[in-house]
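K.L.:
build me a model from this:
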Amino acid sequence: MKLSKKIKRRNYTKAGWLLFYLYIILLSYFLFFSERYGRSCISDDYRYNLDFLKEIRRFIIYRNKLSVESFVVNILGNILAFAPYGFFLSLLNKRYRSSLSITILSILFSLTVEVVQMLMKVGVFDVDDILLNSLGGILGYLTFKLYAWIRKRIEKKGAGKGGVEYGKKR
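P.N.:
Below you'll find the model as predicted:
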């Protein structure tokens with residue numbers, strides 16, 4: 001690989017890590033400090049839901065009585081907020097390019113977030129959130145796989161037209 005390609009790749013990697021850290025900072029703000037999502041009022045009690053699918057069912061059953069925003073934030077928001085986690089980890093580190101590793105890391109990351117929310121008394125420890133957040137991490141991984149597949153196809157097309165394929169000149 002030419003020196004300029006190495007420098008370019010290194011700069012892309014640095015930019016990717018910077019975006020990942022910014023994502024973690026923004027996610028932390030929304031999960032622990034955002035007044036919009038009730039994080040400013042600290043509870044006196046530890047709040048938790050250990051009944052699997054209880055809150056998901058509640059939001060689906062009462063979606064017409066709850067606001068659309070509540071439904072979207074609690075169901076889709078928990079999934080979409082964690083999708084960048086699975087995408088960036090897969091993009092930035094080759095060790096995390098398997099569905100098993102991303103699933104385990106997503107569960108552990110979500111579990112950590114839920115425990116911290118409960119201990120800080122700024123949220124509810126919710127097993128349903130762990131499920132939804134983990135699905136988000138897996139969705140991010142699948143998005144990365146799609147991105148990698150598209151990129152590989154584009155590179156192959158470029159290589160077929162007299163370009164460079166896998167570091168070898170044609």
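K.L.:
going forward, measure contacts between C-alpha atoms and count neighbours the same way
P.N.:
Noted.
K.L.:
residue ranges in this protein under the pLDDT threshold?
P.N.:
1-2, 37-43, 160-170 (pLDDT under 70).
K.L.:
following the chain past the helix or strand residue 18 falls within, name the next helix or strand.
P.N.:
Using DSSP states H and E, residue 18 sits in helix 3-32. Using DSSP H and E, the helix or strand that follows helix 3-32 towards the C-terminus is strand 48-49.
K.L.:
now the next helix or strand after that following strand, how far from the chain's geometric center?
P.N.:
Next along the chain after strand 48-49, taking DSSP H and E as the criterion, comes helix 54-61. Counting by Cα atoms, centre = their mean, to the nearest Å, helix 54-61 is centred 22 Å from the centre of its parent chain.
K.L.:
got it, and stretch 123-140?
P.N.:
The chain centre lies 10 Å from the centre of stretch 123-140; the measure is Cα atoms, centre = their mean.
K.L.:
what do you get for stretch 68-80?
P.N.:
14 Å.
K.L.:
now the end-to-end length of it.
P.N.:
Terminal residues of stretch 68-80 are spaced 16 Å apart (Cα to Cα, to the nearest Å).
K.L.:
ok so, going back, can you give me the buried ones in the helix holding residue 18?
P.N.:
16-17, 20, 23, 27, 30-32 (16 or more other Cα atoms under 10 Å).
K.L.:
swap in stretch 47-63?
P.N.:
Per 16+ other Cα under 10 Å, stretch 47-63 contains these buried residues: 55-56, 59.
K.L.:
can you measure across that stretch, start residue to end residue?
P.N.:
Termini of stretch 47-63 sit 22 Å apart (Cα to Cα).
K.L.:
now do stretch 72-88
P.N.:
23 Å.
K.L.:
got the contact list for that stretch?
P.N.:
By Cα atoms under 8 Å, 6 or more residues apart in numbering, the surrounding residues in contact with stretch 72-88 are 16, 20, 23, 27, 56, 59, 102, 106, 129, 132-144.
K.L.:
try it again with 7 Å
P.N.:
With contacts defined as Cα atoms under 7 Å, 6 or more residues apart in numbering, stretch 72-88 is touched by 20, 56, 102, 129, 132-133, 135-141, 143-144.
K.L.:
of the buried residues of stretch 47-63, which is the nearest to residue 150?
P.N.:
Nearest to residue 150 among the buried residues of stretch 47-63: residue 56, at 33.9 Å, using Cα to Cα.
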